[in-house]
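# show me the folded form of this:
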Amino acid sequence: MNTKGIISIGYQINSDEDQLQGMFKMFDKDKNGILTRQELNEAFSKLGSKFPAWRTWRTVRHADANGDGCISEQEINELVKYALKRGYKLK
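From the prediction side, this is the model:
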């Protein structure tokens, strides 16, 4: 097939949002659908945060809609949006 002159419009199958969501879910050690502060701290360490405990605290304050101190599956989208807004991405 001759592709000369054809403009290729590519798209990323796994967006940064999807990748981050998958990464955060990997840190759910007990697979209960809830990210604890410890699990979030480990995730932010992996993402290269210089102050993961502080970032975890800020994240929970931002994304924890029900106030239980953890991030549930229903709250993970807010977690991911918050992390992306702060420049966190998988390399």
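# list the contacts for the nearest residue to Ile71 once chain neighbours are set aside?
Nearest residue to Ile71, sequence neighbours excluded (CB to CB, 6 or more residues apart in numbering): Leu35, at 4.2 Å. Quick note: C-beta positions are derived from backbone N, CA and C, even for glycine. Leu35 sits next to Phe24, Phe27, Asp28, Ala43, Cys70, Ile71, Ser72, Ile76, Leu79 when contact means CB atoms under 8 Å, 6 or more residues apart in numbering.
# is it true that Gln74 touches Ala63?
No. Counting by CB atoms under 8 Å, Gln74 does not reach Ala63; the two are 10.2 Å apart.
# got a pLDDT number for the residue lying closest to Ala63 once chain neighbours are set aside?
Excluding the flanking residues, the one nearest Ala63 by CB to CB, 6+ apart is Glu78, at 3.9 Å. What the model reports as pLDDT for Glu78 is 96.
# same check on Ser15?
Model confidence at Ser15 (pLDDT) stands at 89.
# what's the neighbour count on the residue nearest to Ala63?
Using other CB atoms under 10 Å, Glu78 has 15 other residues around it.
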